[in-house]
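>>> Structure, please.
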Amino acid sequence: MKNTSDILIVGGGLNGPALALALAQTGHSVTVVDALPKGDFEDDAFDGRGYALALASKRLLSQIGVWARVADHAQPMLEIKASDGHVGEGAAPFFVHFDHREIEEGPMGYMLEDRYLRRAFLQAMEDEPLITMINQRRVVAQAPDQTGVTLTLDTGEELRGRMLVGSDGRKSGTAERAGIKRSGWDYGQTALVCAIDHEKPHHGIAHQFFMSAGPLAILPLPGNRSSIVWSEKTKMATAIHALNDADYIAALKPRFGDFLGEISLVGKRFTYPLNLTIANSFVADRLALVGDAAHGMHPIAGQGLNAGLRDVGALAEVVTHATRRGEDIGSQLVLERYQQWRRFDTATLAATTDMVNKLFSNDNPLLRLGRDIGMGVVNGLPGLRRSFMREAAGLTGDMPRLLKGEAL
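Sure, this is the predicted structure:
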């Protein structure tokens, strides 16, 4: 028996549900298929993971009815300070300082714990009658044709839709089944992700220490707590991750410094290999890719989820306008509009994060001097500094309506 919807989405993490909600609001029926059990998204315990949401992403979440469910748990990022860092010395004086008071729109972004965001998406989808959520099912085949696409699940059940969206991560099975190749490379770095309690308040300030092995990001969470994204050479990261909690904190302290007083681990610890991987095409026959399925990049600029939500906003807008014009939403003509909108922006962001990581993840004294002078110039010119701040807040470029805070 076939379950029929307008749009089928593979992947129930964050971008998939965001797209489902955006499309349902404009009258589209959506089925989301996810391999994980529903219970994995309902755990109320803090596990150490958080997301940096740009101001534009917050606007999208407001438009699709999610932000009101999480606003009380969000920590505004009021300032960003970037500096060189050295093991045993902590951070040097900052060479870039962004203060939200220099732009009119408010905080540049917000930190939000994973547990709240995922649960809010789940609840919002359950409240939306046009969305069907299927958990603990894997897609084993997809077959596009002239009028739609058929998905076959590991249970033998078939789903039918007018188009398919792959939101199933950097190793997207949806892209692979469509024959879409990927380009990119490994950075030889691994991100160590955790959260810490600290003695002193962070005052809503996010810090980025550029260490020789990779950046160390310290991102404010509610209370005296911060999220840590700590990039190390993979061999060193593997050794650090194998330590017990006390020794793990002992390894972090000389890199972190003492500016927030005593620190201690809270929640679980995670590791993520760091690489650049971009799909050679964001679309195929009746298929579009969003989020990490389309592009995975270095977290140095904290733009991974934000780039995915830009995809969501763009695809929802393209599909909605096509529906209103009476077009076939899964046609190549419609899907190419989405690709043209997102391809250049994604390539630019990927190139920028790649360049910044290579420029800052080293200990070459000439490179350090040159980049510090360059960033000092940025910091010293108010107009240029505001431009960088607006970029960090996601307020530049050809923005989809949802990211402007406008309804479709």
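
>>> ok, and what's touching stretch 242-255?
85, 87-88, 90, 194, 196, 209, 211, 216, 228, 230, 240-241, 263-265, 269 (CB atoms under 8 Å, 6 or more residues apart in numbering). Where you see a C-beta, it was placed from the backbone N, CA and C, and this is true even at glycine.

>>> Any of the residues you listed buried? List them.
85, 90, 194, 196, 209, 211, 216, 228, 230, 240-241, 263, 265, 269 (16 or more other CB atoms under 10 Å).

>>> of all the residues you listed, which comes closest to residue 153?
Set against residue 153, the nearest of these by CB to CB is residue 269 (33.6 Å).

>>> Next, the residue most central in space within the chain: secondary structure please.
Central residue of the chain (CA atoms, centre = their mean): residue 305, 1.4 Å from the mean position. Classification of residue 305 by DSSP: H, G, I helix; E, B strand; the rest coil places it in helix.

>>> Quick check: residue 168 touching residue 174?
Yes. Between residue 168 and residue 174 there is a contact under CB atoms under 8 Å: 5.4 Å.

>>> any common contacting residues for the two?
Common neighbours of residue 168 and residue 174 are listed as 10, 11, 293 (criterion: CB under 8 Å, 6+ apart).

>>> out of those residues, who has the most neighbours?
residue 293 (31 neighbours; other CB atoms under 10 Å).

>>> ok, that one touching residue 168?
Yes. If you go by CB under 8 Å, residue 293 and residue 168 touch, sitting 5.5 Å apart.

>>> what residues are shared contacts of those two?
Common neighbours of residue 293 and residue 168 (CB under 8 Å, 6+ apart) are 11, 174.

>>> And for residue 81, the neighbour number?
18.

>>> residues contacting it?
Here residue 81 is in contact with 94, 96, 97, 98, 205, 206, 207, 208 (CB under 8 Å, 6+ apart).

>>> phi, psi of the fourth one?
Which is residue 98. phi -100, psi 130 (degrees, to the nearest 10).

>>> Could you report the separation of it from residue 284?
Between residue 98 and residue 284 the distance is 39 Å, computed by CB to CB, to the nearest Å.

>>> quick one, which of these two is more surrounded?
It is residue 98, of residue 98 and residue 284, that has more neighbours when counted by other CB under 10 Å, with 25 against 21.

>>> ok, what's across the strand from the more buried one?
residue 80 (DSSP bridges).

>>> did I read that right, residue 203 in a helix?
No. Under three-state DSSP, residue 203 sits outside any helix and is assigned coil.

>>> Just want to check the distance between it and residue 406.
32 Å.

>>> higher neighbour count, the two?
residue 406 (12 against 8).

>>> Test my guess that that one contacts residue 63.
Yes. Counting by CB under 8 Å, residue 406 touches residue 63, with 7.5 Å between them.
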